[in-house]
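# Sequence first, predicted model second:
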Amino acid sequence: MLGRTSMFGAAMAVALLAQSSTAMAQDAWVLTVTGTNGAETSFALSDLDAMEQAEFTTSTIWTDEDVAFSGVPLRAILSAAEIEGTSLSMIALNDYAVEMPLDEIGDDFPIVATRMDGETMSVRDKGPFWVVYPYDADPEFQTETIYARSIWQLNRLSAID
């Protein structure tokens, strides 16, 4: 029979194990960036969290209410991976892909969102990474082209040319 102290210790161990496995699962989410030379750089969630962060609240055509998105400006990720080229292929877990000219990426937008309303996103909720724009900030962000580039379940970026 376990004593009170042993039961408390066992409960703490289970809680720490659960917390640790959640952190490991989140770090299993990796964004792979490939340059035109074939060199790959991988960013786990913890790597992205350590980078410059941006946050904004906006409505989207995919959500019922305004959402607070936070994550890393796409330009910062490309800079960290030393990506050059003329355009970027963005690919989702289900192999949906869309291209974007690099000269249409701003310093602050789009972001690769790692969180929605402060919570990491499961694959079911458009995660682990979602390319988003501050759609309400400018009518230019409310076009079919921008919506097509708002790729969710993002897991790969590849430079072209």
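Perfect, I can see it now.
# Relative to D161, how far out is the spatially most central residue of the chain?
Nearest to the mean C-alpha position of the chain, by Cα atoms, centre = their mean, lies F129 at 2.7 Å. According to Cβ to Cβ, to the nearest Å, F129 stands 24 Å off from D161. The way it works is simple: take the backbone N, C-alpha and C, and place the C-beta from them, glycine included.
# Model confidence score at the residue nearest to A28 when sequence neighbours are not counted, please.
Spatial nearest neighbour of A28, excluding adjacent residues (Cβ to Cβ, 6 or more residues apart in numbering): A44 at 7.7 Å. pLDDT for A44: 96.
# Touching, A44 and V30? I think so.
Yes: using Cβ atoms under 8 Å, A44 makes contact with V30 at a distance of 5.5 Å.
# Could you verify my assumption that T32 touches S42?
Yes: using Cβ under 8 Å, T32 is in contact with S42, at 5.1 Å.
# can you tell me how far A76 sits from M51?
Distance, A76 to M51, by Cβ to Cβ: 6 Å.
# Sounds good, over and out.
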